[in-house]
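Chemist: Pasting the sequence and the predicted model now:
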Amino acid sequence: MLSDAGGGLSQGGGQGLGDAPLTIGGVLKEIQGLKDKFKSEDGEDEASPYHALEKATVLQECRAFNDSNVVTNNPKRCCQLITKLLHLLTQGETFTSSEVTDVFFGVTKLFQSKDHNLRRMMYLFIKEVAEATNPNDVIIVTSSLTKDMNSSEDLYRANSIRVLARIIDSAMLGAIERYVKQAINDKNAIVASSALVSGISLFNTSPDVVKRWNNEVQEALSSPNEMVQFHALALLYQAKQQDLLAVTKLVTQLTKGNTRSPLADLNAANARAAYQFLESSLRHKNEIVVYEAARAICHLPGVEMNDLSPAITVLQLFLSSPKPTLRFGAMRTLSDVAGTHPMAIVKCNEEMETLISDANRSIATLAITTLLKTGTEGSVDRLMKQISTFMNEIADEFKIIVVHAIRQLCLRYPQKHRVLVGFLATFLREEGGFDFKKAITDCIVELMSAIPDTKETSLFHLCDFIEDCEYTALSTQILHLVGALGPSTSAPARYIRFIYNRVILENAAVRAAAVSSLAKFAAKVPSLRPSITVLLKRSLADEDDEVRDRATVAIKLLASMPAAGDGEADAGGDENHQSEPVEEDALDGDAETSEAAHLMLDGLPMSFASLERAVGLYALSMQSGTAQAQPLLFSTLPVVEEHVPAPLTKGTSAASKPLAGAGGGFGGGDSRVAPTAASAPATADPTAELYKIPELAALGRVFRSTAPVPLTESETEYVVRCVKHIFDAHVVLDFSVHNTIADQMLTEASSEPELYSVVGSIPLPTLKYDQTGHCYVVLSRATEVAIEPVTFTCELHFKVVDCDPQSGEADEDAEGFPEEYPLEEVELSTSDFMAKVNVGDFRRSWEQMGPEGEVLEKFALQFRRLDEAVAGVLDFLGMQPCDGTAAIKPTGTSAGLPPPHTLHLSGVFVGSKPVLVRAQLAITQSNDTIGCVLKIAVRSDDPDVSRMVADCIR
């Protein structure tokens, strides 16, 4: 029978099966294709009945709500009117406050109707518009909803409870709490489920009230209804999620019990200890439970590859499911696993290749990106052929995901760089938006730094791209990149044509970048200098001031450099001539030549965003009198830390490389630092408040401020955080105190650390409810003594004064009573005295610093993975990773230990002492024990500083 059906389908679809084996999956796919075809043909001419609605017309029609005859005798018309209002709201139509009030009052007249459908529409509308309605108007409908909540009609009770939970505030919750609590164990499952869902909603505003319902919720957990069980478990978890012991007991109780709800089983998978329960759930009769159990196993922390096998097998079966939701869920989970255990899902490659042609583009994109993560070196060519046809059918947002996956594949198999970079370059020249083109450009730039063999071919691809590039930002970025790397290639003259074409054909911004790039070629390649000087002189008559200024400065600086020999000058005209670039040491001949070369080739020592912050702090310290008058030089600016994202180990692109910078000037902007202004946090600088306090301003300029450290739990009555402000000879502990008790006011609040010398403190005079204040403790530091990690305890001392919770004013006869509140320990580590500051060229800075103050050490660490070891070393040292070394590059080995990873770090120690670190991390295995070996070299001008930094590893 299946054979006949298959033959009929094949004949009708025009695609014979021939001798191919007939499968259930194939038949289902053909049926689904025919169904989608007929569905699309039938729905071609359908139009929305609510198309082109006018707000004024709908509001006019809604006046029928005031007619009791319409409400009573024609509820269908009222339902249609409410539907029109909801449609206008979902389409983004805005209503004035008076319009909202009129409509809201009109809808409340519908309470007199007994029609169930109209009542449900009315409840839905009230929930949607309650937030935009005047609170005084919302109170009017509360009495009607409360009446419905006590009705004998279950439909009214369930919906009124849901609506009240959305519109009522914490002050009025006490009036309905008793009714909601009773409804949790109602015999009607709809009412009980509504009460539990209302509790989940109310927990965000009144957690203390909802926590009192624990007994009722526990009883609802044993309800025979599946949905009630699920909502009860969700509410229990929400109430206990901060208590790890309570959550563990709940999980143990559920795994040993027999929950009827498949949805409730989903939330039982929380800990590694539940692996056996999760594995048994893979044989559950419900598909949702099976999938969630497989997903939970795949996301268990520290899960081993052998433990993933049963979950991967289940997900492999779901890849052939006729349900798109199961295919998408399985594909997404496998994609996540591929980032950590790619070899575990290799057996799914055949099923994933069939999904490349899936009608759902999200599933197809996940299949492609996952195959790129798990593919072998031999399958790269075949995958690229499949992707080439696939890329033309998807949107740019999916193309960007594919580009990132190709970058990871190229880093894993560097020998395939020609195929992969050529593939990226092909789509770089085709149609696409800015984000897509920028993703490809950034990918190629990163591959150039990671795989040196790709540099020349990639530069040529990028030069070919800017011949027809419509995006100014990408053109300027590529021009600065060519100016930085082009002179060091085997034939630098071949790039001059591409650059000069931009001077002739492009807008002012691109022309200015092209002039800067030409100047770099002239400075680094003496044989090209005369020819480039002739080209630059043509830009002296440019209509744009910036272009003329750059050309003028470049010609002036080039004229001060020694001229190339006649033979070199003649040879430079040949594009294929292999000109030797001038060495950097050769630029240091005389002072004038050296200054001209560095002006043209070196960028700013910091990013523009960091420069702006540093100048602002410099001005602030001068205004407050904390520093003596000094000239405004880079050396006298305050140290500003770089703000960069956390290290990336997979998926998205790593931090920008130094050679990818783009900006103005001959240095190509700040091409030496990765962060941009967009990556800097928007929060105010914490040191600004210190300079406003005379006692603290007298301590001098703040060297750096650490991130806030919580000293209490976030749910306690007094929430305290500590920020450590580092000065040259002092440390100021800034305690931020937040009062969460409505009927208490704190006065004379201060914190006292132990085991450390305190030279001063500034208490907090008054702290009212829901306010945050600061108290300060000043610690002295002997600058001649080596810095060592110190841990000390703290206590919060204050007076508690009773006050009116409404007005916040203290009672007239309240004197208050002293109180002490213990805080968590505060650690003052050596890394707190280190500022994260990037250097432009790490290798050059390393050689210039010299080995005089170098310290070499070797440590055995307890990390089992390289990414964890890198994060641990960064945390120990508190320094800034350079050259993108914080990102772990994927390797082509399918088994065994990963290769050693090199880490470059830079920073500035207190006292403005630069520090550089080179570290090598290697995962080792001895018997059955896996560990990490760290070899570290620390350089500084002060050997004592190098020793203190090396001792940070613990």
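Modeler: Alright, I've got the coordinates. Numbering: from 1, shown residues only.

Chemist: Give the buried residues for the helix or strand hosting Cys78.
Modeler: Cys78 is part of helix 75-90, with elements assigned from DSSP states H and E. The neighbour-count check on helix 75-90 (16 or more other Cβ atoms under 10 Å) flags 75, 78-79, 81-82, 84-88 as buried. For glycine as for every other residue, the C-beta is placed from the backbone atoms N, C-alpha and C.

Chemist: residue boundaries of the strands in the stretch 851-954 of the chain?
Modeler: Taking DSSP state E, counting those that start in this stretch to define them, one finds strands in the stretch 851-954 of the chain at 855-861, 880-881, 901-909, 913-926, 929-940.

Chemist: Where does the prediction get shaky in the stretch 251-400 of the chain?
Modeler: For the stretch 251-400 of the chain, the stretches flagged by pLDDT under 70 are 251-274, 302.

Chemist: Please look at Ala729 and Leu779 and confirm they touch.
Modeler: No - with contacts counted by Cβ atoms under 8 Å, Ala729 stays clear of Leu779, the gap being 10.2 Å.

Chemist: ok, the residue nearest to Arg162 when sequence neighbours are not counted - how many residues close by?
Modeler: Among residues not flanking Arg162 along the chain, Ser194 sits closest, at 5.1 Å (Cβ to Cβ, 6 or more residues apart in numbering). Using other Cβ atoms under 10 Å, Ser194 has 27 other residues around it.

Chemist: got the contact list for the helix or strand harbouring Ser194?
Modeler: Here Ser194 sits within helix 189-202, counting by DSSP H and E. Contact with helix 189-202 is made by 154-155, 157-159, 161-162, 164-166, 173, 180-181, 183-186, 209-210, 213, 217, 220, 223, 225, 227-228, 231-232, 234-235, 238, as judged by Cβ atoms under 8 Å, 6 or more residues apart in numbering.

Chemist: residues contacting Val910?
Modeler: Contacts here follow Cβ under 8 Å, 6+ apart; on that basis Val910 touches 703-704, 726, 728, 787, 833-834.

Chemist: repeat for His116
Modeler: Counting by Cβ under 8 Å, 6+ apart, His116 touches Leu155.

Chemist: tell me the pLDDT at it?
Modeler: Predicted confidence (pLDDT) for His116: 84.

Chemist: going forward, begin numbering at 44 instead of 1
Modeler: All set: I'll call the first residue 44, so the last point we hit is now His159.

Chemist: Identify the spatial nearest neighbour of Met165, chain neighbours not counted.
Modeler: Spatial nearest neighbour of Met165, chain neighbours left out: Leu153 (4.7 Å); criterion: Cβ to Cβ, 6+ apart.

Chemist: Count the neighbours of Ile388 for me.
Modeler: Residues near Ile388, counting by other Cβ under 10 Å: 23.

Chemist: The closest residue to it other than its chain neighbours: what's it in contact with?
Modeler: The shortest distance from Ile388 to any non-neighbouring residue, by Cβ to Cβ, 6+ apart, is to Leu377 (5.2 Å). Contact criterion Cβ under 8 Å, 6+ apart gives 355, 358, 362, 388, 391, 395, 409, 413 as the residues in contact with Leu377.

Chemist: ok, the residues you listed vs Pro535, which is closest?
Modeler: Checking the contacts of Leu377 against Pro535 with Cβ to Cβ, the nearest one is Thr413 at 41.1 Å.

Chemist: The closest one and Phe479, how far apart?
Modeler: Note on Thr413: its distance to Phe479, by Cβ to Cβ, to the nearest Å, is 20 Å.

Chemist: what do you get for Leu398?
Modeler: 23 Å.

Chemist: So which residues make contact with the helix holding Cys121?
Modeler: 93, 96, 98, 101, 104-105, 107-108, 113-114, 138, 146, 150, 153, 156, 158, 160-161, 164-165, 167-168, 171-172.

Chemist: Convert the C-alpha atoms of that helix to CSV, please.
Modeler: Coordinates of each C-alpha in helix 118-133 appear next as CSV, following Å, rounded to 0.1, in the frame of the first residue of the first chain:
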residue,chain,number,x,y,z
PRO,A,118,-22.3,40.1,21.7
LYS,A,119,-20.7,39.0,18.4
ARG,A,120,-20.5,42.7,17.2
CYS,A,121,-18.8,43.6,20.5
CYS,A,122,-16.3,40.8,20.0
GLN,A,123,-15.5,42.1,16.6
LEU,A,124,-15.0,45.7,17.9
ILE,A,125,-12.6,44.5,20.6
THR,A,126,-10.7,42.5,18.0
LYS,A,127,-10.3,45.6,15.9
LEU,A,128,-8.9,47.5,18.9
LEU,A,129,-6.5,44.8,19.7
HIS,A,130,-5.4,44.7,16.1
LEU,A,131,-4.7,48.4,16.1
LEU,A,132,-2.6,48.0,19.3
THR,A,133,-0.5,45.2,17.9
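
Chemist: Can you tell me the SS state at Leu426?
Modeler: Three-state assignment for Leu426 (DSSP: H, G, I helix; E, B strand; the rest coil): helix.

Chemist: Thought Leu414 was touching it, still the case?
Modeler: Yes - when contacts are counted by Cβ under 8 Å, Leu426 is listed as touching Leu414 (6.1 Å).

Chemist: Same drill for the two, tell me which one is more crowded.
Modeler: A direct count of neighbours by other Cβ under 10 Å for Leu426 and Leu414 places Leu414 higher, at 25 against 22.

Chemist: That one touches Met395, doesn't it?
Modeler: Yes - counting by Cβ under 8 Å, Leu414 touches Met395, with 5.4 Å between them.

Chemist: Check whether Arg907 really touches Cys975, as I assumed.
Modeler: Yes - using Cβ under 8 Å as the test, Arg907 is close enough to Cys975 to be in contact (7.5 Å).

Chemist: what residues do the two have in common as contacts?
Modeler: The contact sets of Arg907 and Cys975 overlap at Ile966 (Cβ under 8 Å, 6+ apart).

Chemist: The two - which one has more neighbours?
Modeler: Ranked by neighbour count (other Cβ under 10 Å), Arg907 and Cys975 place Cys975 first, with 21 against 14.

Chemist: list the contacts for that one?
Modeler: 903-907, 909, 912, 964-967.

Chemist: Could you measure from it over to Leu909?
Modeler: 8 Å.

Chemist: try Tyr166
Modeler: Tyr166 sits 56 Å away from Leu909, going by Cβ to Cβ.
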